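Undergrad: Need coordinates for the below:
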Amino acid sequence: MDTGTLWSRDFTLSMISRLFSSTIFSLLTTTLASYVFVVYQATVEDAGIAVGIFVIAALVSRLFAGRYIELVGRRRMLILSTAAFFLCTLGYYLPVGFSCFLIVRALHGLSFGVLTNTLNVVVISYMPDERRGEGLGYFSLSATVSAALGPFIGVYIIQSCSFLILFVICSLCALVSLVVTFFMHVESVELAEHAPEKVSGRFHLNAFFEASAVPISLIVFMANMCYASVTSFIDTYAGLLGLGHVVAWFFIVNAAVLLFSRPATGRLLDHRGDNTVVYPALIVLILGFLVLGFCENVLSLLVSAVLFAIGFGGVATSGQVISVKSASPYRMGLATSTFYMFSDAGLGFGPVIMGAAQPFVGYGGMYMVAAAISALSILLYYFVHGRYARTF
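TA: Just a heads-up that it's a prediction; the model follows:
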């Protein structure tokens, strides 16, 4: 491979696979609360569990995927996890009770965790060392596009068609992702090239986590936990405000701003330092929750979408780049796994925690709580990373 080439055939195919698998995640995260309300007459807490159990299961699977990917083999792990991910989408067709539905969600989350973790490790191998930050920035755009397509398509389908059509589209997306993986060239890695703790059968915390990636991952955990209250309950909240007809545009505006802001964030991070990006991003994130919490019309809803794109997008992009750059080269895959484990934990526990708070404070109050937690994350960031990071 040409070490200076970023946009290789395999890199492009990996982005396609990421796009379709992430679209499924966005489709279901946004619409599943409505589904369980209609089909199972579930409570808000139950809806939060149905949304969150997927991400919690993905978190658990990432814990082991990062450790055993080299033992199983990258190509084998990628194909098997993508095939399992596709098969799990078929489980949504089954007429089962709520408990069995949660099992399907958990299995789907397990396969998603292994798939995305393996794909991230594989795609890093396609990137020249000197363009790794840039490559990760572009690779993340697949998730950005899916963040627009998934909610937009999902909300449109449940409002215009049916939940069955929604699940069929999920299966088709998973099938595309599976087919693409067969055309990707995945180089095998000799186990002897890896540090002993990466492949040893003995238990080591550093065999599951990259310590240097933990501080910034804590900040991303808090941001994701708060932002999960938006992705999981915005459809219901907007409906209560009489703004259900513009929810899809919330995600379109959010993703459109992300497409421009994420590359700019990466360049700013490289040239001006971590603090120049993270502190303003957290402040803008707080403003997004405040605007959404006091939302009364279409304008304020769309303004919050812009603020979330700049704020949450800035934190997420910075977190991924910082976590990878902080690790030594041979542990870069493990650093990626650590970052996504914390990220998944935030997204998984967020709907459960925020959903439990909603009956006591209402939806507006729930977003005020998210703003307060985000404010605390600024202080935490200073102590775990900000005071050590460079700023120009």
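
Undergrad: And the top helix by length along the chain, what does it pack against?
TA: Using DSSP state H, we find that the single longest helix of the chain is helix 332-381. Identification of packing neighbours for helix 332-381 by 3 or more Cβ pairs under 8 Å, 6 or more residues apart in numbering; DSSP states H and E yields helix 44-72, helix 98-125, helix 214-240, helix 274-293, helix 298-325. (C-beta placed from N, C-alpha, C; glycine too.)

Undergrad: Output stretch 364-382 as PDB - backbone C-alpha positions only.
TA: Output of stretch 364-382 as PDB, limited to C-alpha atoms (Å, rounded to 0.1, in the frame of the first residue of the first chain):
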ATOM      1  CA  GLY A 364     -37.800  20.400  29.800                       C
ATOM      2  CA  GLY A 365     -36.400  19.700  33.200                       C
ATOM      3  CA  MET A 366     -34.600  16.600  31.900                       C
ATOM      4  CA  TYR A 367     -32.700  18.800  29.500                       C
ATOM      5  CA  MET A 368     -31.900  21.200  32.300                       C
ATOM      6  CA  VAL A 369     -30.300  18.300  34.200                       C
ATOM      7  CA  ALA A 370     -28.300  17.500  31.000                       C
ATOM      8  CA  ALA A 371     -27.100  21.100  30.900                       C
ATOM      9  CA  ALA A 372     -26.000  20.900  34.500                       C
ATOM     10  CA  ILE A 373     -24.100  17.600  34.000                       C
ATOM     11  CA  SER A 374     -22.400  19.100  30.900                       C
ATOM     12  CA  ALA A 375     -21.400  22.100  33.000                       C
ATOM     13  CA  LEU A 376     -19.700  19.700  35.500                       C
ATOM     14  CA  SER A 377     -17.900  18.100  32.700                       C
ATOM     15  CA  ILE A 378     -16.000  21.300  32.000                       C
ATOM     16  CA  LEU A 379     -14.500  21.200  35.500                       C
ATOM     17  CA  LEU A 380     -13.700  17.500  35.100                       C
ATOM     18  CA  TYR A 381     -12.100  18.100  31.800                       C
ATOM     19  CA  TYR A 382      -9.800  20.700  33.300                       C
END
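
Undergrad: what sits up against it?
TA: Residues external to stretch 364-382 that are found in contact with it (Cβ atoms under 8 Å, 6 or more residues apart in numbering): 218-219, 222-223, 225-227, 229-230, 233, 278-279, 282-283, 285-286, 289-290, 292-295, 354, 357-358, 361.

Undergrad: State the mean pLDDT of stretch 5-24.
TA: Mean pLDDT, stretch 5-24: 90.

Undergrad: should've said stretch 165-175
TA: Mean predicted confidence for stretch 165-175 is 94.

Undergrad: can I get the CA coordinates of that stretch in CSV?
TA: Taking Å, rounded to 0.1, in the frame of the first residue of the first chain, the C-alpha atoms of stretch 165-175 are listed here in CSV:
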residue,chain,number,x,y,z
ILE,A,165,-41.0,-1.2,6.6
LEU,A,166,-38.6,0.4,9.1
PHE,A,167,-37.2,-3.1,10.1
VAL,A,168,-37.0,-4.2,6.4
ILE,A,169,-34.8,-1.1,5.6
CYS,A,170,-32.6,-2.0,8.6
SER,A,171,-32.1,-5.5,7.2
LEU,A,172,-31.3,-4.2,3.8
CYS,A,173,-28.7,-1.8,5.2
ALA,A,174,-27.1,-4.6,7.2
LEU,A,175,-27.0,-6.8,4.1
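
Undergrad: which parts of it are buried?
TA: For stretch 165-175, the neighbour count (16 or more other Cβ atoms under 10 Å) marks L166, F167, V168, I169, C170, S171, C173, A174, L175 as buried.

Undergrad: So what's the residue count around L379?
TA: A count of neighbours around L379, defined by other Cβ atoms under 10 Å, yields 11.

Undergrad: Quick check: it vs V44, distance?
TA: Remark: distance between L379 and V44 (Cβ to Cβ, to the nearest Å) = 30 Å.

Undergrad: Would you mind pulling up the elements that the helix or strand containing W249 packs against?
TA: Per DSSP states H and E, W249 falls inside helix 247-272. Where contact means 3+ Cβ pairs under 8 Å, 6+ apart, helix 247-272 is packed against helix 132-160, helix 214-240, helix 274-293, helix 298-325.

Undergrad: who wins for proximity to P95 among these?
TA: Nearest to P95, of all the helices and strands packed on helix 247-272, is helix 132-160, at 18.2 Å by Cβ to Cβ.

Undergrad: Give me the distance from the closest one to the chain's centre.
TA: Put simply, helix 132-160 sits 10 Å off its chain's centre (Cα atoms, centre = their mean, to the nearest Å).

Undergrad: That helix packs against which elements?
TA: Using 3+ Cβ pairs under 8 Å, 6+ apart, helix 132-160 is in contact with helix 9-40, helix 98-125, helix 163-181, helix 247-272, helix 298-325.

Undergrad: quick one: it to helix 298-325, angle?
TA: 140 degrees (axes from the mean of the first three to the mean of the last three Cα atoms, to 10 degrees).

Undergrad: Okay, buried residues for helix 132-160 please.
TA: Applying 16+ other Cβ under 10 Å to helix 132-160 flags 132-155, 157-158 as buried.

Undergrad: pLDDT on that helix, on average?
TA: 77.

Undergrad: re earlier: tabulate the helices and strands packed on helix 132-160 (CSV), appending distance to A58.
TA: Shown next, in CSV, are the helices and strands packed on helix 132-160 (distance: least, Cβ to Cβ, whole Å):
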stretch, distance to A58
helix 9-40, 9
helix 98-125, 3
helix 163-181, 15
helix 247-272, 21
helix 298-325, 16
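
Undergrad: if we can go back for a sec, for L115, state which of the buried residues of stretch 165-175 is nearest.
TA: When the buried residues of stretch 165-175 are compared against L115 (criterion: Cβ to Cβ), the nearest one is A174, at 9.5 Å.
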